[in-house]
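**Q** sequence? don't have it. structure:
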(Lines give C-alpha, C1' and ligand atoms only; values in the text may rest on other atoms or scores of the structure.)
Protein backbone atom coordinates (compact mmCIF):
# COMPACT_ATOMS: atom_id res chain seq x y z
CA UNK A 1 0.00 0.00 0.00
CA UNK A 2 2.94 2.31 -0.30
CA UNK A 3 2.06 5.34 -2.35
CA UNK A 4 -1.61 5.21 -1.32
CA UNK A 5 -2.72 7.62 1.33
CA UNK A 6 -6.26 8.07 2.51
CA UNK A 7 -7.71 10.80 4.63
CA UNK A 8 -8.82 9.21 7.92
CA UNK A 9 -11.48 11.91 8.28
CA UNK A 10 -12.94 10.95 4.89
CA UNK A 11 -13.10 7.30 5.97
CA UNK A 12 -14.83 8.31 9.23
CA UNK A 13 -17.30 10.40 7.22
CA UNK A 14 -18.08 7.41 4.98
CA UNK A 15 -18.59 5.21 8.05
CA UNK A 16 -20.97 7.82 9.47
CA UNK A 17 -22.95 7.80 6.21
CA UNK A 18 -23.19 3.99 6.45
CA UNK A 19 -24.68 4.22 9.95
CA UNK A 20 -27.07 7.07 9.09
CA UNK A 21 -28.41 5.49 5.88
CA UNK A 22 -28.36 1.87 7.08
CA UNK A 23 -26.27 0.87 4.04
CA UNK A 24 -23.93 -2.09 4.30
CA UNK A 25 -21.10 -0.69 2.16
CA UNK A 26 -19.88 2.34 0.20
CA UNK A 27 -17.15 2.31 -2.44
CA UNK A 28 -15.50 5.38 -3.96
CA UNK A 29 -13.18 5.23 -6.96
CA UNK A 30 -11.08 8.15 -8.11
CA UNK A 31 -8.41 7.66 -10.76
CA UNK A 32 -6.40 4.64 -9.58
CA UNK A 33 -7.47 4.93 -5.93
CA UNK A 34 -10.34 3.06 -4.38
CA UNK A 35 -11.88 3.28 -0.90
CA UNK A 36 -14.42 0.69 0.22
CA UNK A 37 -16.02 0.96 3.63
CA UNK A 38 -18.26 -1.94 4.66
CA UNK A 39 -20.01 -3.08 7.77
CA UNK A 40 -21.52 -6.41 8.69
CA UNK A 41 -25.03 -7.00 10.00
CA UNK A 42 -25.41 -6.37 13.72
CA UNK A 43 -24.69 -9.47 15.75
CA UNK A 44 -28.00 -9.03 17.60
CA UNK A 45 -30.00 -9.76 14.44
CA UNK A 46 -28.07 -12.98 13.83
CA UNK A 47 -28.58 -14.08 17.42
CA UNK A 48 -32.33 -13.37 17.22
CA UNK A 49 -32.63 -15.39 14.00
CA UNK A 50 -30.72 -18.33 15.50
CA UNK A 51 -32.66 -18.13 18.77
CA UNK A 52 -35.98 -18.16 16.90
CA UNK A 53 -35.14 -21.38 15.00
CA UNK A 54 -35.72 -23.79 17.93
CA UNK A 55 -39.11 -22.19 18.65
CA UNK A 56 -40.11 -22.66 15.02
CA UNK A 57 -39.01 -26.30 15.07
CA UNK A 58 -41.34 -26.90 18.03
CA UNK A 59 -44.39 -25.75 16.03
CA UNK A 60 -47.11 -28.33 15.36
CA UNK A 61 -46.51 -30.58 12.35
CA UNK A 62 -49.77 -29.56 10.68
CA UNK A 63 -50.07 -25.81 10.24
CA UNK A 64 -53.45 -24.31 9.34
CA UNK A 65 -53.90 -23.20 5.74
CA UNK A 66 -52.08 -19.95 5.01
CA UNK A 67 -49.57 -20.36 7.84
CA UNK A 68 -45.97 -20.77 6.69
CA UNK A 69 -44.39 -24.15 7.28
CA UNK A 70 -41.26 -24.05 9.36
CA UNK A 71 -38.95 -26.87 8.31
CA UNK A 72 -36.52 -24.64 6.42
CA UNK A 73 -33.57 -26.67 7.72
CA UNK A 74 -34.80 -29.56 5.55
CA UNK A 75 -35.00 -27.46 2.38
CA UNK A 76 -31.94 -26.17 0.55
CA UNK A 77 -31.66 -24.02 -2.55
CA UNK A 78 -30.94 -27.26 -4.44
CA UNK A 79 -34.24 -28.86 -3.35
CA UNK A 80 -36.47 -29.40 -6.41
CA UNK A 81 -39.01 -26.58 -6.59
CA UNK A 82 -37.22 -24.39 -4.03
CA UNK A 83 -37.29 -20.67 -4.75
CA UNK A 84 -34.09 -19.13 -3.37
CA UNK A 85 -33.59 -15.50 -2.42
CA UNK A 86 -31.76 -13.60 -5.16
CA UNK A 87 -30.51 -11.00 -2.66
CA UNK A 88 -29.99 -10.05 0.96
CA UNK A 89 -32.89 -8.13 2.45
CA UNK A 90 -36.16 -8.39 4.34
CA UNK A 91 -38.87 -10.61 2.85
CA UNK A 92 -42.56 -9.68 2.88
CA UNK A 93 -45.43 -12.00 1.94
CA UNK A 94 -47.93 -9.17 1.28
CA UNK A 95 -47.71 -5.89 -0.66
CA UNK A 96 -48.42 -3.87 2.50
CA UNK A 97 -49.29 -4.46 6.17
CA UNK A 98 -52.82 -5.80 6.54
CA UNK A 99 -53.15 -6.71 2.84
CA UNK A 100 -53.81 -10.23 1.59
CA UNK A 101 -50.59 -12.22 1.03
CA UNK A 102 -49.31 -12.80 -2.51
CA UNK A 103 -49.43 -16.57 -1.92
CA UNK A 104 -50.81 -19.09 0.56
CA UNK A 105 -50.08 -22.77 1.12
CA UNK A 106 -51.73 -24.86 -1.57
CA UNK A 107 -52.18 -21.89 -3.92
CA UNK A 108 -51.59 -22.39 -7.65
CA UNK A 109 -49.14 -19.89 -9.10
CA UNK A 110 -48.28 -19.02 -12.68
CA UNK A 111 -44.74 -18.60 -13.94
CA UNK A 112 -43.79 -14.93 -13.50
CA UNK A 113 -46.42 -14.27 -10.81
CA UNK A 114 -45.20 -12.17 -7.87
CA UNK A 115 -44.87 -14.46 -4.83
CA UNK A 116 -43.26 -12.06 -2.34
CA UNK A 117 -41.24 -8.86 -1.97
CA UNK A 118 -37.69 -8.41 -0.72
CA UNK A 119 -36.76 -4.98 0.58
CA UNK A 120 -33.12 -4.14 -0.01
CA UNK A 121 -31.76 -0.63 0.56
CA UNK A 122 -35.26 0.91 0.83
CA UNK A 123 -36.32 -0.65 -2.50
CA UNK A 124 -39.01 -3.32 -2.71
CA UNK A 125 -38.06 -5.99 -5.26
CA UNK A 126 -40.74 -8.32 -6.62
CA UNK A 127 -39.77 -11.97 -6.48
CA UNK A 128 -41.57 -13.87 -9.20
CA UNK A 129 -42.38 -17.57 -9.47
CA UNK A 130 -39.74 -19.23 -11.68
CA UNK A 131 -42.28 -21.90 -12.72
CA UNK A 132 -45.99 -22.64 -12.55
CA UNK A 133 -47.14 -25.00 -9.82
CA UNK A 134 -48.56 -25.32 -6.33
CA UNK A 135 -47.03 -23.64 -3.27
CA UNK A 136 -46.28 -26.58 -0.97
CA UNK A 137 -44.13 -24.80 1.60
CA UNK A 138 -43.55 -21.24 2.74
CA UNK A 139 -40.27 -21.19 4.67
CA UNK A 140 -40.24 -17.61 5.93
CA UNK A 141 -42.52 -15.28 7.82
CA UNK A 142 -43.29 -11.77 6.65
CA UNK A 143 -40.64 -9.33 7.89
CA UNK A 144 -37.93 -11.99 8.09
CA UNK A 145 -34.36 -11.03 7.13
CA UNK A 146 -33.14 -13.31 4.32
CA UNK A 147 -29.73 -14.08 2.85
CA UNK A 148 -28.69 -14.59 -0.76
CA UNK A 149 -29.47 -18.17 -1.80
CA UNK A 150 -31.69 -18.88 1.21
CA UNK A 151 -34.74 -21.00 0.27
CA UNK A 152 -37.95 -18.96 0.67
CA UNK A 153 -40.67 -21.31 -0.55
CA UNK A 154 -41.26 -24.46 -2.55
CA UNK A 155 -43.36 -24.64 -5.72
CA UNK A 156 -44.07 -28.16 -6.96
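**A** Ah, there it is. Just so you know, these numbers come straight off a predicted model, no measurement behind them.

**Q** ok, residue 125 touching residue 90?
**A** No: between residue 125 and residue 90 there is no contact under CB atoms under 8 Å: 10.6 Å. Placement of C-beta: from N, CA and C, glycine included.

**Q** where do the contact lists of the two overlap?
**A** With contacts taken as CB atoms under 8 Å, 6 or more residues apart in numbering, the residues that reach both residue 125 and residue 90 are 118, 119.

**Q** could you confirm residue 9 falls within a strand?
**A** No: residue state for residue 9 (DSSP: H, G, I helix; E, B strand; the rest coil) corresponds to helix; a strand is not indicated.

**Q** all further residue positions should be reported with the first residue as 17.
**A** New numbering, starting at 17: the last item is residue 25.

**Q** next, count neighbours for it.
**A** Close neighbours of residue 25, defined as other CB atoms under 10 Å, add up to 8.

**Q** now for it: which residues touch it?
**A** Counting by CB under 8 Å, 6+ apart, residue 25 has no contacts.

**Q** ok, now residue 23?
**A** No contacts exist for residue 23 under CB under 8 Å, 6+ apart.

**Q** next one: it from residue 117, what distance?
**A** Residue 23 sits 49 Å away from residue 117, going by CB to CB, to the nearest Å.

**Q** what's the answer for residue 33, then?
**A** Using CB to CB, residue 33 is found at 35 Å from residue 117.

**Q** ok, residue 105 touching residue 134?
**A** Yes: using CB under 8 Å, residue 105 is in contact with residue 134, at 4.1 Å.

**Q** shared neighbours, these two?
**A** Between them, residue 105 and residue 134 share these contacting residues under CB under 8 Å, 6+ apart: 141, 162.
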